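> sequence unknown, structure follows:
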């Protein structure tokens, strides 16, 4: 398939499966076509793909994005480049996009299903910097699109690296007084900073409000377990824990995972287990750290994500996140401790020839 043919087929597939009904046979076929296309245009991936064995296309460890450009087009064709967090150019991974159509379609459909299933447009209170300060952030971009798709106005509370807790408290208090539901969205440690800065101020968000937190729970100064994070958010903002949802994403992907509890709570359904639901255009597998081969459901391993929306970079991504797969959903258990797992190390060596 050509790029245009793949793009059209992927768009059709994402639109057809926006509500989560899966067609894994067609997904597998499209992912194979996409991986073959990417191997023809990305030399480093071609090296890895030529050594691949088994039924699945080769997966690229996320670390490789720090050392090599992984895109099917030259830099002058970039419409946007998102960078991972880091302090120097050398340790920041880059994800280049020729266009953002697939990213947008994937992000909108899955967020509509799990964050805004009640089709309500809300004021969005964002514990993130404005777009002018976060042009390299995939999360910043995604939230800027949320303001267009789901927002009835929005406000940012982080600027210049500082959280404006007084403004946040004033706006939350106003929404509470007016009975106006809001969506409060931010990173885990932006919420932790808000905990410190808000002091004794607490709120009771109106019915219909929701909270989305994303990012890891381990920061430079402390570590907070997910259960504790939900308790803090529920207590601080006066919202049922089932209205607090966690999102999982990464710079190297175009798609996101969500917990299903918020959707169930808003729609009056039975509350499911707190595991992450991948969209129907993503194949999520748990693989052995040694061999990178898929493991049976319930076994602990590393999360591999094959994202059909990653048209112009790498579709098949090997993470260092520990996980179990249960009934098609993903239970995340933090990062693999210590050095890069052996299977990932070998894949990096094959792609980069010792550069890392």
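Good, I have the coordinates. Not measured: the values here are computed from a predicted model.
> Give me the pLDDT value at the spatially most central residue of the chain.
The chain has residue 249 as the residue nearest its centroid, 1.2 Å off, counting by CA atoms, centre = their mean. Per-residue pLDDT puts residue 249 at 95.
> The closest residue to it other than its chain neighbours: neighbour count?
Distance criterion CB to CB, 6 or more residues apart in numbering; nearest residue to residue 249, sequence neighbours excluded, is residue 256 at 4.0 Å. Placement of C-beta: from N, CA and C, glycine included. If you count neighbours by other CB atoms under 10 Å, residue 256 ends up with 24.
> where are the low-confidence patches of the stretch 201-350 of the chain?
Under the criterion pLDDT under 70, the flagged ranges of the stretch 201-350 of the chain are 216-222, 338-350.
> those helices in it, which residues are they?
226-237, 261-267, 342-352 (DSSP state H, counting those that start in this stretch).
> same thing with the stretch 51-200 of the chain?
Counting by DSSP H, counting those that start in this stretch, the helices of the stretch 51-200 of the chain are 101-114, 138-149, 165-178, 188-198.
> What is the shortest one packed up against?
On a contact count with 3 or more CB pairs under 8 Å, 6 or more residues apart in numbering; DSSP states H and E, helix 188-198 meets strand 122-127, strand 162-163, helix 165-178, strand 210-214, helix 226-237.
> list the helices and strands the first one packs on?
What that stands for is strand 122-127. On a contact count with 3+ CB pairs under 8 Å, 6+ apart, strand 122-127 meets helix 138-149, strand 151-156, helix 165-178, strand 182-187, helix 188-198.
> give me that answer again for 10 Å
Applying 3 or more CB pairs under 10 Å, 6 or more residues apart in numbering; DSSP states H and E, one finds that strand 122-127 contacts helix 138-149, strand 151-156, helix 165-178, strand 182-187, helix 188-198, strand 210-214.
> if we can go back for a sec, quickly note the distance from the residue nearest to the centre of the chain to residue 79.
19 Å (CB to CB, to the nearest Å).
> now do residue 14
From residue 14 to residue 79 the distance is 18 Å (CB to CB).
> Those two - which one has more neighbours?
Legend: neighbour count by other CB under 10 Å for residue 14 and residue 79, higher for residue 14 (21 against 12).
> Okay, now the sheet partners of the longest strand belonging to the chain, with direction.
Under DSSP state E, the strand in the chain containing the largest number of residues is strand 316-326. Strand 316-326 sits in its sheet next to strand 60-61 (parallel), strand 301-307 (antiparallel), strand 329-335 (antiparallel), going by DSSP bridges.
> These: which one's closest to residue 157?
strand 329-335 (26.8 Å; CB to CB).
> Quick check: buried residues in that closest one?
Across strand 329-335, burial judged by 16 or more other CB atoms under 10 Å covers 329, 330, 331, 332.
> Tell me the one of those nearest residue 160?
Scanning the buried residues of strand 329-335 for proximity to residue 160, where the rule is CB to CB, the winner is residue 332, at 31.7 Å.
> And that closest one, how close does it get to residue 309?
With CB to CB as the criterion, residue 332 and residue 309 are 20 Å apart.
> ok, now residue 104?
On the measure of CB to CB, residue 104 and residue 309 end up 9 Å apart.
> which residues do those two both contact?
Common neighbours of residue 104 and residue 309, counting by CB atoms under 10 Å, 6 or more residues apart in numbering, are residue 254.
> The two: which has the busier surroundings?
residue 309 (23 against 17).
> what's near enough to touch the more buried one?
10-11, 13-14, 34, 101-107, 253-255, 279, 281-282, 315.
> Show the average pLDDT along the longest helix seen in the chain.
Ranked by residue count and defined by DSSP state H, the top helix of the chain is helix 24-41. Averaging pLDDT along helix 24-41 gives 98.
> Can you list the buried residues in the helix or strand just after it?
Heading C-terminal from helix 24-41, the first helix or strand you meet, by DSSP states H and E, is helix 43-50. Using 16+ other CB under 10 Å as the test for burial, helix 43-50 gives 44, 45, 48, 49.
> need the residues you listed in TSV with pLDDT and distance to residue 161, can you?
Converted to TSV, the buried residues of helix 43-50 look like this (pLDDT from 0 to 100; distance: CB to CB, whole Å):
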residue	pLDDT	distance to residue 161
44	94	35
45	96	36
48	93	38
49	92	41
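> of these, closest to residue 286?
For the buried residues of helix 43-50, the nearest to residue 286 is residue 48 (20.2 Å; CB to CB).
> shouldn't the closest one be in contact with residue 57?
Yes: Residue 48 lies in contact with residue 57 (CB atoms under 10 Å); the separation is 9.4 Å.
> Find residues that contact each of the two.
39, 314, 316.
> thinking again about what came up before, just say which of the helices of the stretch 51-200 of the chain is most tucked in.
helix 101-114 (a mean of 21; mean count of other CB atoms under 10 Å).
> Now do it: which elements does it pack against?
helix 3-16, helix 138-149, strand 244-248, strand 257-258, helix 261-267, strand 301-307.
> re the thing from before, tell me which of the helices of the stretch 51-200 of the chain sits nearest to residue 275.
Across the helices of the stretch 51-200 of the chain, residue 275 has its closest neighbour in helix 101-114 (12.3 Å, CB to CB).
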